[in-house]
Each structure stands twice: as structure tokens, then as C-alpha cells.
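>>> Generate a structure from the sequence data that follows.
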Amino acid sequence: MKGERCNTPKCAFAKRNTVPGVHGPTAMRKLTAYGKQLQEKQKAKRIYGLREKQFYLYYVKALKQVGNTAEIIFGMLENRLDNTVFRLGLASSRTKARQIVNHGHILVNGKKIDIPSYQVAIGDVVSIRETSAKKKLFENVAENIAKNPINAPWLTIDAKTLQGKVTGTPKFGDVEMNIGWPVIIEFYSK
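Numbers count the residues shown, from 1 in each chain. Down below sits the predicted model:
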């Protein structure tokens, strides 16, 4: 996603939901079952900003756990630190959140964590470092959080102190995402 622009009617995903090219809107493309599965997997990879091997390793970890594999992989991707920073509203996009984490601006339970794939757990407190909070990068964050409340029920944030807390685990119905997680699991299970 491209930050705030996708909250408006000018979002590229909403404007052009067709294949690229001159014949995009009128092209008759019939996707096979494999093609649909591949398309869903690629969409999820792009949304979360992962490479193929990273995404596949999440699938392997999810397979080893007991429960619905699709929901487990969704939960693991939503509990990544870069995604949590994005969901809390500390960054306008996942790529920006990843960069903020990489540059060491984020604290988890008072410790600096600069690994975007770090898995946050229930009870973890995510905040901005004191020295980083004064930077131009974070000057309008409190206003944006107050203006646009977070839409992730498993997270809470205090707009004044810019401290977020993980209060639960993400479920499929919590966030509107147009991704077919069971189809992705089918793709990898071949």
C-alpha cells in the first residue's frame, strides 16, 4: 500500500483493477486455479513487503503449529514489528515502517529493536525512542493518530506518549484485506 493515498478515491488499487496495457479493461483472461493461487500469494507478498523465501518460511513455521494454518500465517505476518508500527499509525506505509525499524527508532519493552521481522507478543509495549521522537520524521504522528484512529483491535496506542501495546492476537475478521489466505496455503501445499 502507498500510505495515505490508499485511503482516498485516488488509490491505484481502486482506480485500476485491470491488467496493464491498452487492452487491459477489455482483455479476456481466464486464470487457471494455479494462476489464482499464485496471484493471491504475490498480492500478500507485496502487501507485507516480503521476498519469496521469507514468505515461504512463514508458511513452514505455520505448518508446524496446531490450528488453522491460514490464520496462523496471517497472525505471524500481522505481528511483525514493521507491520505493528504501521498498524499503530507511527508510519504512513509498511515500507516506511520497515525503514523506521531498521534505523533503530523503535523500542519494544524499552529495548531498541532494529529487526523488522521481530515478532511482537501480547503485552509488548512498542514506542519511539526519546531521541528519535524529536526528529522531523515523527513531528505530525500524534496528530495523525488522533485524526485517524487505528483499525486493529489487538493494538492500543496512547497518542500523547506515542506508546502502543499489543493486547491480543489478530483474527481474520479484524482487518479488511482482500487476500485469500486459504488459497495461499493450497498453493504451497502442492
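>>> Quick one: residues contacting the residue positioned nearest the centre of the chain.
Among the residues of the chain, residue 83 comes closest to the average C-alpha position under CA atoms, centre = their mean, at 4.1 Å. Applying CB atoms under 8 Å, 6 or more residues apart in numbering to residue 83 gives the contacts 48, 77, 94, 97. Placement of C-beta: from N, CA and C, glycine included.
>>> just residue 151 next, same as before
Contacts of residue 151 by CB under 8 Å, 6+ apart are 87, 175.
>>> Am I right that it sits in a helix?
No - Residue 151 is assigned coil when assessed by DSSP: H, G, I helix; E, B strand; the rest coil, not a helix.
>>> Which elements pack onto whichever helix or strand residue 186 is part of?
Residue 186 belongs to helix 181-188 when assigned by DSSP states H and E. Where contact means 3 or more CB pairs under 8 Å, 6 or more residues apart in numbering; DSSP states H and E, helix 181-188 is packed against helix 33-48, helix 52-64, helix 69-78.
>>> what angle separates the shortest one from helix 181-188?
Our comparison of helix 69-78 with helix 181-188, counting by axes from the mean of the first three to the mean of the last three CA atoms, to 10 degrees, yields an angle of 100 degrees.
>>> just checking, what packs against helix 69-78?
Packing partners of helix 69-78 (3+ CB pairs under 8 Å, 6+ apart): helix 52-64, helix 81-88, helix 181-188.
>>> give me that answer again for 6 Å
Packing partners of helix 69-78 (3 or more CB pairs under 6 Å, 6 or more residues apart in numbering; DSSP states H and E): helix 52-64, helix 181-188.
>>> Relative to residue 160, which of the ones you listed is closest?
With respect to residue 160, and counting by CB to CB, the nearest of the helices and strands packed on helix 69-78 is helix 52-64 at 34.6 Å.
>>> Good, we can wrap up now.
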